[in-house]
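1. Sequence first, predicted coordinates after that:
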Amino acid sequence: MYRHTELRLGSLDDIRISLAPHQGATLLSLVADVFGGRSHGVPRRWRQLLLTAVSTVGPAVLSPLFAPGYSVIPDCVTPTACMPDGDAAAQFTQLADLSPTTLLDELETEFGGAVPPQWRPVVERPQQWIHAYARLLQCVWQEFHPIWRNAEGLIRRETERVGAALVQGCAEAILQDLSERFRLVDGSLLLPDPQGETYALDGRRLILVPILSGPGASMFALDRPDLVWIGYPLPGIGRLWDTPATAPASKRDALSLVVGQLRAAILRATAHPLTMGELAVLLNCSPANATHHCHHLVDAGLLERHRAGRHVRINRTERGDAVVDLLSQARAEPMGS
């Protein structure tokens, strides 16, 4: 049976909304999906990247946080504790300074004398667990940080979109479009949650947190006295999945060897129509540079331009699709000696 937690918003005209692209929320979402069995839609390539990154650390350290039935992440170790300020580096500093006594006190408050079996190894050796947990998070973020950096254009565009809507008094439109998993009904935001609780905003600030993990990302904290925050999928995230911007390009990437690294990135990015501005933001290059390379790819019959309203969009032709498919397959196979 579908269940949800309800956040009663009150008058939408009175809500104080801001946006915070908080790295800790994305880090927690990645860990929950890849290692905790909580599906957020992280694509296969990113999952493999992170699994490889922690292969020498061991994800078993996370088992207390995502145990079936009842899971809890103490505030002192959650990557979102400093919401809305701070970044992943600040979280790692906090963990380095964390006293085992603080962790044990929070577990005592949460569970009393009945600590669940999954937390008993932590209670027995809290300092060792803190170090192992911090190391795993650092390994994950070290591998993922280039992806976050390459998504800065999408994050900037989302910040501008939300800001413009709020200036125009369109809070309802923003809240309706956060995620396919959220519903705005009669002044309440319904969020998927097996616990099925009810909260009221009661004048607190509402922080919207775009998450760079997958289309199913859904996270929130509604019990803080000063604010509530809701994490939702960063719009346009899928455009990053099939481009070299999501991971360091292989030195044997056949497509890059044939057409050059930037033109290879352009061909992979234009599986869906993009404006030149969107393409430049996605690839972190100037519009003039993108236009120059696209001009040559159009002449080669690999790209085509078409007008959509006031915008000119560019996307791959059938020939471009064939070239990308052929050379991507070649990249996955051993090159001849």
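-> All right, it came through fine.

2. Which parts of the stretch 201-337 of the chain are helices?
-> Taking DSSP state H, counting those that start in this stretch, the helices of the stretch 201-337 of the chain run over residues 254-259, 261-269, 276-283, 287-299, 318-332.

3. The first one - what's its average pLDDT?
-> The reference is to helix 254-259. The average pLDDT within helix 254-259 is 83.

4. buried set for that helix?
-> For helix 254-259, burial by neighbour count (16 or more other CB atoms under 10 Å) applies to 254-257, 259. Just so you know, the C-beta spots here come from the backbone N, C-alpha and C atoms, and that holds for glycine as well.

5. Which neighbouring elements make contact with that helix?
-> helix 261-269, helix 318-332 (3 or more CB pairs under 8 Å, 6 or more residues apart in numbering; DSSP states H and E).

6. what do you get for the second one?
-> Counting contacts by 3+ CB pairs under 8 Å, 6+ apart, helix 261-269 packs against helix 254-259, helix 276-283, helix 287-299, helix 318-332.

7. what does the third one give?
-> For helix 276-283, the elements it packs on are helix 152-167, helix 261-269, helix 287-299, strand 311-316, judged by 3+ CB pairs under 8 Å, 6+ apart.

8. Against residue 178, how distant is the closest residue to residue 92 other than its chain neighbours?
-> Excluding the flanking residues, the one nearest residue 92 by CB to CB, 6 or more residues apart in numbering is residue 138, at 5.7 Å. Distance from residue 138 to residue 178, counting by CB to CB, to the nearest Å: 30 Å.

9. would you list every one of the strands in the stretch 1-150 of the chain?
-> Along the stretch 1-150 of the chain, the segments classed as strands by DSSP state E, counting those that start in this stretch run 4-8, 17-19.

10. May I have the strands that pair with the last one, each with its orientation?
-> Looking at strand 17-19 with DSSP bridges, its partner strands are strand 205-211 (parallel).

11. and of the helices and strands packed on helix 261-269, who's closest to residue 47?
-> Across the helices and strands packed on helix 261-269, residue 47 has its closest neighbour in helix 318-332 (17.2 Å, CB to CB).

12. pLDDT on that closest one, on average?
-> Rounded mean pLDDT across helix 318-332 is 75.

13. Show me the shaky parts of the stretch 51-200 of the chain.
-> The model of the stretch 51-200 of the chain has pLDDT under 70 over residues 69-70.

14. now the helices for it?
-> 88-96, 100-111, 120-124, 126-150, 152-167, 171-176.

15. What helices and strands are in contact with the last one?
-> Using 3+ CB pairs under 8 Å, 6+ apart as the contact definition, the elements that helix 171-176 packs against are helix 152-167, strand 183-185.

16. Over to the shortest one?
-> When contacts are defined as 3+ CB pairs under 8 Å, 6+ apart, helix 120-124 sits against helix 100-111.

17. for the longest one, same thing?
-> In terms of contacts (3+ CB pairs under 8 Å, 6+ apart), helix 126-150 is packed against helix 23-34, helix 44-53, helix 88-96, helix 100-111.

18. circling back to that earlier point, can you count the residues close to the residue nearest to residue 92?
-> 20 (other CB atoms under 10 Å).

19. what about it, distance to residue 89?
-> 10 Å.

20. Number of residues surrounding residue 110?
-> Neighbours around residue 110, by other CB under 10 Å: 14.

21. And the one 3 residues further on, by the same measure?
-> Burial measure for residue 113: 5 neighbouring residues, criterion other CB under 10 Å.

22. Now it. Its backbone dihedrals?
-> phi -90, psi -10 (degrees, to the nearest 10).

23. Kindly report the same for residue 222.
-> Dihedral angles (degrees, to the nearest 10) for residue 222: phi -120, psi 10.

24. ok, back up a step: possible to save the helices and strands packed on helix 261-269 as a markdown table with distance to residue 99?
-> What follows is those, written out as a markdown table (distance: least, CB to CB, whole Å):
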| stretch | distance to residue 99 |
| --- | --- |
| helix 254-259 | 49 |
| helix 276-283 | 43 |
| helix 287-299 | 51 |
| helix 318-332 | 48 |
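
25. Would you mind telling me which of those is nearest residue 150?
-> Here helix 276-283 is closest among the helices and strands packed on helix 261-269 (CB to CB), at 8.3 Å.

26. now what about the closest one, what contacts it?
-> With contact meaning CB atoms under 8 Å, 6 or more residues apart in numbering, helix 276-283 is reached by 153-154, 156-157, 239-240, 243, 245, 262, 265-266, 269-270, 274, 286-287, 289-291, 294, 312, 314.

27. make it 6 Å
-> The contact list for helix 276-283, computed with CB atoms under 6 Å, 6 or more residues apart in numbering, reads 153, 265, 269, 287, 290-291.

28. Switch these over to CSV; also include distance to residue 223 and neighbour count.
-> Shown next, in CSV, are the contacts of helix 276-283 (distance: CB to CB, whole Å; neighbours: other CB atoms under 10 Å):
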residue, distance to residue 223, neighbour count
153, 34, 20
265, 43, 24
269, 41, 23
287, 45, 14
290, 46, 24
291, 50, 13
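
29. picking up where we left off before, any chance of the helices and strands packed on helix 171-176 in CSV, plus distance to residue 14?
-> As requested, the helices and strands packed on helix 171-176 are exported to CSV (distance: least, CB to CB, whole Å):
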stretch, distance to residue 14
helix 152-167, 13
strand 183-185, 16
